[in-house]
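*Asks:* need the 3D shape of this:
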Amino acid sequence: MSQTITVKVKLLPTKEQTSILTAMGKEYISTMNTLVSEMVAEKKSTKKTTKDVPAHLPSAVKNQAIQDAKSVFQKVKKSKYTMIPILKKPVCVWNNQNYSLDSSYINLPLMMDGKAKKVPIRALLVDKHNRTFDLLKHQLGTLRITKKSNKWIAQISVTIPRSEETGTKTMGVDLGLKVPAVAVTEDEKVRFFGNGRQNKYVRRMFKSKRKKLGKLKKLNAIRNLDDKEQRYMKDQDHKVSRAIINFAKENKISVIRLEQLANIRQTARTSRKNEKNLHNWSFYRLSQFIEYKANLAGIKVEYVNPAYTSQTCPKCSAKNKAQDRKYTCECGFQKHRDLVGAMNIRYAPVIDGHSQSA
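*Replies:* Numbering: from 1, shown residues only. Presented below is the predicted three-dimensional model:
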């Protein structure tokens, strides 16, 4: 079994390379839009080859543009021509046979002086834990280069074989603010993850600094502070998700169950003073990090119906509201309220109905 993921790598192109990438990105989407328009007009897929496409792009890139245009046309055809997209965001794509990597550069063909020439573009392929470079040792797919927030990003498709060294147990994970995550296994092993109080303190610190900078009208400083806060939040999500997967592997878990998060901001348990934190914190991102890391470890992730998971007694199924952080039932059951949620998530109905037997 295997999984395909997208690895994002920051690029540091020179001024000349920046100009070339910008021009090629615009040429690429223009070529795709033209090909899609032609196929829609003829109501059939194109038979054009790179020789028939007069784009100022390397032959391999033109070929990829043709393939991508055909893919878009198939979607248009499937919609019975009711949705005909026009691409606007510049992007350029290379297949896996036309680029190579080393520890500091991505080598790929660019248009230089009217000719395609393989050029090394500096890239941050090695992070402090070597996770990015280790992922890129697996089977590589297409490489997309685009510009986001004035930063050049390479998105590399990577196919990774899944490990099958997991056991046969199910684990429930409940996400929250005061306790970022709590997990409980079938055999009642429990672990709390993250520090909600510390997160809240850091958020207040950023808010206070923004307020002071706002009075001084230092907009660039505010934007930089926002970026720093987002990096902090993302780093916390990475640490929590990694700890959850390590705990799952230690306990031979084969299935992790999470709440479906579509309406979490409407249903999450919080006080009025925590409401702003709730709307800023990315529950979805944390769940995606958990799923992504679980898949790499060969662990299945399932999403369950979140209804009453925090109110239902795991022992007698009665419904009660927790007082502060403690859940108490008339049957004598008492636990931390977030732990009750995780216990119920562990056995709650799976959203799509396809539960994996553990």
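*Asks:* low-confidence ranges in the stretch 251-358 of the chain?
*Replies:* The stretch 251-358 of the chain contains residues with pLDDT under 70 at 261-281, 352-358.
*Asks:* do a quick rundown of the helices in it.
*Replies:* Using DSSP state H, counting those that start in this stretch, the helices of the stretch 251-358 of the chain run over 264-267, 275-280, 283-296, 337-347.
*Asks:* deepest of those, which one?
*Replies:* Most buried of the helices of the stretch 251-358 of the chain, by mean neighbour count (mean count of other C-beta atoms under 10 Å): helix 337-347, with a mean of 25. No exception for glycine: its C-beta is placed from N, CA and C like everyone else's.
*Asks:* got a list of contacts for that helix?
*Replies:* 170-174, 176, 178-179, 182-186, 190, 192, 257-259, 269, 304, 306, 308-310, 312-314, 322, 324-327, 335 (C-beta atoms under 8 Å, 6 or more residues apart in numbering).
*Asks:* now list the buried members of those residues.
*Replies:* 170-174, 176, 178-179, 182-186, 257-259, 269, 304, 306, 309-310, 312-314, 322, 327, 335 (16 or more other C-beta atoms under 10 Å).
*Asks:* can you give me phi and psi for His56?
*Replies:* Phi and psi for His56, reported as degrees, to the nearest 10, are phi -90, psi 70.
*Asks:* that older thread, which one of the helices of the stretch 251-358 of the chain lies closest to Gly25?
*Replies:* Smallest distance to Gly25 across the helices of the stretch 251-358 of the chain (C-beta to C-beta): 26.9 Å, for helix 283-296.
*Asks:* hmm, back to that, relative to Ser45, which of the helices of the stretch 251-358 of the chain is closest?
*Replies:* helix 283-296 (33.1 Å).
*Asks:* could I get that closest one in CSV with only the CA atoms?
*Replies:* Output in CSV follows, covering the C-alpha atoms of helix 283-296 (Å, rounded to 0.1, in the frame of the first residue of the first chain):
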residue,chain,number,x,y,z
PHE,A,283,-8.9,22.4,14.4
TYR,A,284,-9.1,21.3,10.7
ARG,A,285,-5.3,21.7,10.2
LEU,A,286,-4.5,19.6,13.3
SER,A,287,-6.9,16.9,12.2
GLN,A,288,-5.2,16.9,8.7
PHE,A,289,-1.8,16.7,10.3
ILE,A,290,-2.9,13.7,12.3
GLU,A,291,-4.4,12.0,9.3
TYR,A,292,-1.3,12.7,7.2
LYS,A,293,1.1,11.4,9.8
ALA,A,294,-1.2,8.4,10.5
ASN,A,295,-1.2,7.4,6.9
LEU,A,296,2.5,7.4,6.7
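*Asks:* so what does it touch, helix or strand wise?
*Replies:* strand 2-11, strand 169-175, helix 219-250, strand 253-259, strand 300-304 (3 or more C-beta pairs under 8 Å, 6 or more residues apart in numbering; DSSP states H and E).
*Asks:* ok, which of these comes nearest Asp113?
*Replies:* Comparing the helices and strands packed on helix 283-296 under C-beta to C-beta, the one sitting nearest is strand 2-11, at 21.5 Å.
*Asks:* now Ala183. Nearest residue, chain neighbours left out?
*Replies:* Among residues not flanking Ala183 along the chain, Val173 sits closest, at 4.7 Å (C-beta to C-beta, 6 or more residues apart in numbering).
*Asks:* need the helices of the stretch 251-358 of the chain in a markdown table (columns: distance to Ile86).
*Replies:* What follows is those, written out as a markdown table (distance: least, C-beta to C-beta, whole Å):
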| stretch | distance to Ile86 |
| --- | --- |
| helix 264-267 | 33 |
| helix 275-280 | 33 |
| helix 283-296 | 29 |
| helix 337-347 | 43 |
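*Asks:* could you check the pLDDT of Pro109?
*Replies:* As predicted, Pro109 sits at a pLDDT of 95.
*Asks:* what's the neighbour count on it?
*Replies:* 19 (other C-beta atoms under 10 Å).
*Asks:* cool, Met39 as well?
*Replies:* Neighbours of Met39 (other C-beta under 10 Å): 20.
*Asks:* part of a helix, is it?
*Replies:* Yes: remark: Met39 belongs to a helix, assigned using DSSP: H, G, I helix; E, B strand; the rest coil.
*Asks:* on the three-state scheme, the nearest residue to it once chain neighbours are set aside is what?
*Replies:* Sequence neighbours aside, Phe73 is the residue nearest to Met39 in space, at 4.3 Å (criterion: C-beta to C-beta, 6+ apart). Here Phe73 is helix, with the state taken from three-state DSSP.
*Asks:* residues touching Phe73, list them.
*Replies:* Going by C-beta under 8 Å, 6+ apart, Phe73 touches Leu35, Val36, Met39, Val40, Ser45, Thr46.
*Asks:* save the residues you listed as JSON lines, and put in pLDDT and distance to Ile86 too.
*Replies:* JSON lines is the format used below for the contacts of Phe73 (pLDDT from 0 to 100; distance: C-beta to C-beta, whole Å):
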{"residue": "Leu35", "pLDDT": "95", "distance to Ile86": "12"}
{"residue": "Val36", "pLDDT": "94", "distance to Ile86": "8"}
{"residue": "Met39", "pLDDT": "95", "distance to Ile86": "14"}
{"residue": "Val40", "pLDDT": "94", "distance to Ile86": "11"}
{"residue": "Ser45", "pLDDT": "94", "distance to Ile86": "19"}
{"residue": "Thr46", "pLDDT": "93", "distance to Ile86": "17"}
